[in-house]
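*Asks:* sequence unknown, structure follows:
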């Protein structure tokens, strides 16, 4: 890695194909960062098992997510791109950091409260402590910056607190205190059926969510069924949540401003606008779909990429873990793997 560049770390769970919201709000913005920063991206499959998973499906989703990141522009030659469970440093650091994390801090995590309600029959210890593993993901690379959404602010704050506490406890500056990275571009994409709610693949209504691997006809059909209001004017205004959402999406994939969109569809109805949004999104995502189909078929290439990525990640993170182990008083092992 280039020592003159700051380090960015980000992880994404292998929960199936990405939504349009994942893509516009986060993943699409990762590729342009590769020239300006040392980028480290991970498929965080260890986090995924905090809720019950079908093993075969988890393996498939992990490989699909890896291939999708490549399809979205992440270059394994430019970035460190790896699968979390392949790098033991994350689990090793997790325990040490857990011993510098207070029970009260974890009990205040709003995502634990939300997820424990959704999975009331499986409120396991991993679900409670996974923000510590997330802190380990970041601190294992001494990341300077972490791209986060609103729902991850608490977790980054915990990582910062744990890093500061460790540095103070052992009178050192071993851990870099990570800062939030707010992308210059990116928009919050809402449900097509309930535009006051965030778009989610877990939505029970299949028409509410666009998956980036949906084919063109499916994408257009879903947009045509999008919930709007009883008005007919395409304009961005309070109270027009459905149209505001469609305008945000259209602007994100075409680069057009809201005034330009309003001018383009002046005198036209919602039907024309919905179709145009669907076609623009489908055309914008076509290179991603095509690249994913190409990459996911080449199993040898994928394996080479994630193996190389794990080797790079392990080389970086084990230096940090070794220093941490020395600081806490662990006896250095003579074993070499």
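*Replies:* Here it is on my side, so go on. Computed from a prediction, not measured in an experiment: that's the story for all the values here.
*Asks:* what's the burial count for the residue nearest to residue 328 when sequence neighbours are not counted?
*Replies:* Spatial nearest neighbour of residue 328, excluding adjacent residues (CB to CB, 6 or more residues apart in numbering): residue 96 at 6.0 Å. Where you see a C-beta, it was placed from the backbone N, CA and C, and this is true even at glycine. The local packing of residue 96 (other CB atoms under 10 Å) involves 19 other residues.
*Asks:* helices and strands around the strand or helix carrying residue 96, which ones?
*Replies:* For residue 96, the element it lies in under DSSP states H and E is helix 89-98. Judged by 3 or more CB pairs under 8 Å, 6 or more residues apart in numbering; DSSP states H and E, the packing partners of helix 89-98 are helix 125-139, helix 299-328.
*Asks:* buried residues, that helix. List them.
*Replies:* For helix 89-98, the neighbour count (16 or more other CB atoms under 10 Å) marks 89-90, 92-94, 96-97 as buried.
*Asks:* what's the closest of those to residue 54?
*Replies:* Closest approach to residue 54 among the buried residues of helix 89-98 (CB to CB): residue 90, at 22.6 Å.
*Asks:* on the pLDDT front, check that closest one for me.
*Replies:* Residue 90 is assigned 97 on the pLDDT scale.
*Asks:* surely it meets residue 134?
*Replies:* No: contact criterion CB atoms under 8 Å: residue 90 and residue 134 do not qualify, at 9.6 Å.
*Asks:* picking up where we left off before, following element in sequence after the helix holding residue 96, please.
*Replies:* Using DSSP H and E, the helix or strand that follows helix 89-98 towards the C-terminus is helix 103-107.
*Asks:* outside of that next one, which residues touch it?
*Replies:* Residues from elsewhere that reach helix 103-107, judged by CB atoms under 8 Å, 6 or more residues apart in numbering: 112, 128-129, 131-132, 158, 161.
*Asks:* kindly report the same for stretch 46-63.
*Replies:* 11, 13-16, 43, 45, 83-85, 90-91, 115, 119, 122, 124, 126-127, 130, 133-134, 296, 302.
*Asks:* likewise for stretch 35-44?
*Replies:* By CB under 8 Å, 6+ apart, the residues outside stretch 35-44 that reach it are 1-2, 5-14, 30, 33, 62, 65-66, 69, 74, 78-84, 87, 134, 137, 141, 143, 145, 313, 316.
*Asks:* one more time with 6 Å, if that's ok
*Replies:* 1, 5-11, 13-14, 33, 62, 65-66, 74, 79-84, 141 (CB atoms under 6 Å, 6 or more residues apart in numbering).
*Asks:* next, the buried residues of that stretch.
*Replies:* 37-44.
*Asks:* one more: stretch 268-281?
*Replies:* 270, 273-274, 276-278, 280-281.
*Asks:* circling back to that earlier point, by mean pLDDT, show me the worst of the helices and strands packed on helix 89-98.
*Replies:* helix 125-139 (a mean of 90).
*Asks:* that one packs against which elements?
*Replies:* Judged by 3 or more CB pairs under 6 Å, 6 or more residues apart in numbering; DSSP states H and E, helix 125-139 is in contact with helix 89-98, helix 153-169.
*Asks:* quick one, the first one and helix 153-169 angle?
*Replies:* Following axes from the mean of the first three to the mean of the last three CA atoms, to 10 degrees, one obtains 70 degrees for the angle between helix 89-98 and helix 153-169.
*Asks:* quick check: angle from helix 89-98 to helix 299-328?
*Replies:* Using the same axes, to 10 degrees: helix 89-98 against helix 299-328 is 30 degrees.
*Asks:* off-centre distance for helix 89-98?
*Replies:* Counting by CA atoms, centre = their mean, to the nearest Å, helix 89-98 is centred 21 Å from the centre of its parent chain.
*Asks:* what about the stretch 1-150 of the chain, any weak spots by pLDDT?
*Replies:* 112-119, 149-150 (pLDDT under 70).
*Asks:* for the stretch 101-250 of the chain, what spans make up the strands?
*Replies:* 145-147, 179-181 (DSSP state E, counting those that start in this stretch).
*Asks:* most tightly surrounded among these?
*Replies:* strand 145-147 (a mean of 21; mean count of other CB atoms under 10 Å).
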